[in-house]
Structure formats: C-alpha cells, structure tokens
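Chemist: got a predicted structure here, sequence first:
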Amino acid sequence: MKSRMPPGYNSGMNNPMKQMQKMQEEIQKSKEELEQKEFIVTSGGGMVEVVISGKKEITGIKMKPEVVDPDDVEMLGDLIISAVNEAIRKVEEASESDMERITGGLSIPGMPF
C-alpha cells in the first residue's frame, strides 16, 4: 500500500520527532562529556583552590598555609565558600553553554540540563 503522505514527509530530519531524538542524544552525550571534566577555581588571590567535577561534586580543596589563621577562621570559611560557589557557577555555565549550542537557544521543558 502506498503512503498518502507527501514524499519525504517522514524521512530524514524533516520529522520533528527525529529532530528531538537527535537533540536528546546530543544532550546526553554532552552531559556525559561534562561529567568527565574538572574545573579548578581559586579565591583570595590563589590562597584557596577548589576542584569540582562536571557532576558538581567537590573533588579537592587546597589552601596555602598562610591562609590558615586560627585567629581568623571566619575568613578561611568565607574564602572556601566563595571558591565553591564560583566552581558551581563554572559547571553551570559550561552546561548552559552546551545546551544553547545544541538547542540553538530554545528552552525545551523536560530536557536534562
């Protein structure tokens, strides 16, 4: 039985479902690549360094000995918080950038980023 649809209607990238599936595959691949990356951020002029994975998991914190002042523990806490927050922002920016590249800036509800 011959299809009554115009030639090429369900083939190739003309099919919106195929486009969405391809986009979802690209997003998943990009997400997996992001999860393999590490981001390094410093605060306090390099006094505190935070390493974060693309999964937003802190994998390391380094501090220069001179920043560890028992009389000013609050400052050390502030430097760590600042570096961690900046590290999280870096991962989110990378994720958003990948998503914009894949979707062309479209906001699609339910997409995994």
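Modeler: All right, it came through fine.
Chemist: distance of the spatially most central residue of the chain from residue 22?
Modeler: What sits nearest the mean C-alpha location of the chain, by C-alpha atoms, centre = their mean, is residue 95, with 2.8 Å. Separation of residue 95 from residue 22 (C-beta to C-beta, to the nearest Å) stands at 19 Å. For every residue, glycine as well, the C-beta is placed using N, CA and C.
Chemist: centre of the chain versus the helix or strand hosting the residue nearest to the centre of the chain, how much separation?
Modeler: Element membership for residue 95, per DSSP states H and E: helix 73-103. How far helix 73-103 lies from its chain's middle: 9 Å, per C-alpha atoms, centre = their mean, to the nearest Å.
Chemist: can you map out the strands along the protein?
Modeler: Along the chain, the stretches classed as strands by DSSP state E are 38-43, 48-53, 58-63.
Chemist: I figured residue 43 hits residue 87, correct?
Modeler: No: contact criterion C-beta atoms under 8 Å: residue 43 and residue 87 do not qualify, at 9.5 Å.
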